[in-house]
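K.L.:
What follows is a predicted protein model with its sequence.
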Amino acid sequence: MIADKMRTRLAALRPTTLEIRDDSESHRGHAGFREGGESHFHIRIASPMFKGMSRLQQHRLVHATLGDIVPQIHALSLDLSES
């Protein structure tokens, strides 16, 4: 499962909070929807590694950490904070 792979990779950011939600079903009939889900995700993560980073830098770090997972999905929304 993609969510499991995300969780494993994001562990490198030492999160104090990590929630990964598959929102695919709420996008049924819209662009990028795939039967079976795993096309639209929301991630909520708090990490001490975000300290001193701009919002853009935090997003780039998450995307870099997820690496080749990002192109496999249609949409990714992020709720990031430092802990």
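P.N.:
The structure has been received and is ready for your questions.

K.L.:
where do the strands sit along the chain?
P.N.:
With DSSP state E, the ranges of strands along the chain come out as 17-22, 40-46, 75-81.

K.L.:
Would you format these as a markdown table with mean pLDDT, mean neighbour count and distance to V62 included?
P.N.:
C-beta: built from backbone N, CA, C; applies to glycine. Listed next are these as a markdown table, based on pLDDT from 0 to 100; neighbours: other CB atoms under 10 Å; distance: least, CB to CB, whole Å:
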| stretch | mean pLDDT | mean neighbour count | distance to V62 |
| --- | --- | --- | --- |
| strand 17-22 | 96 | 14 | 11 |
| strand 40-46 | 95 | 19 | 7 |
| strand 75-81 | 95 | 14 | 6 |
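
K.L.:
Quick one: closest of the ones you listed to M53.
P.N.:
Each of the strands of the chain was scored for nearness to M53 using CB to CB, and the closest is strand 75-81 (9.0 Å).

K.L.:
Run through the neighbouring helices and strands of that closest one.
P.N.:
Under the contact definition 3 or more CB pairs under 8 Å, 6 or more residues apart in numbering; DSSP states H and E, strand 75-81 sits against strand 40-46, helix 55-66.

K.L.:
Okay, and the beta partners of the residue most central in space within the chain?
P.N.:
Most central residue of the chain, judged by C-alpha distance to the mean C-alpha position with CA atoms, centre = their mean, is I43 at 4.2 Å. Per DSSP bridges, the residues bridged to I43 are I20, L78.

K.L.:
thought it was touching I73?
P.N.:
No - checked against CB atoms under 8 Å, the pair I43 and I73 is beyond contact range at 10.9 Å.

K.L.:
For the closest residue to M49 other than its chain neighbours, give me its contacts.
P.N.:
The shortest distance from M49 to any non-neighbouring residue, by CB to CB, 6 or more residues apart in numbering, is to L13 (5.1 Å). Contacts of L13 were listed using CB atoms under 8 Å, 6 or more residues apart in numbering, and they are I45, S47, M49, L61, V62, T65.

K.L.:
Among those, which one sits closest to E82?
P.N.:
Taking these together and measuring to E82 by CB to CB, the closest member is S47, at 6.7 Å.

K.L.:
Fine, thanks again, bye for now.
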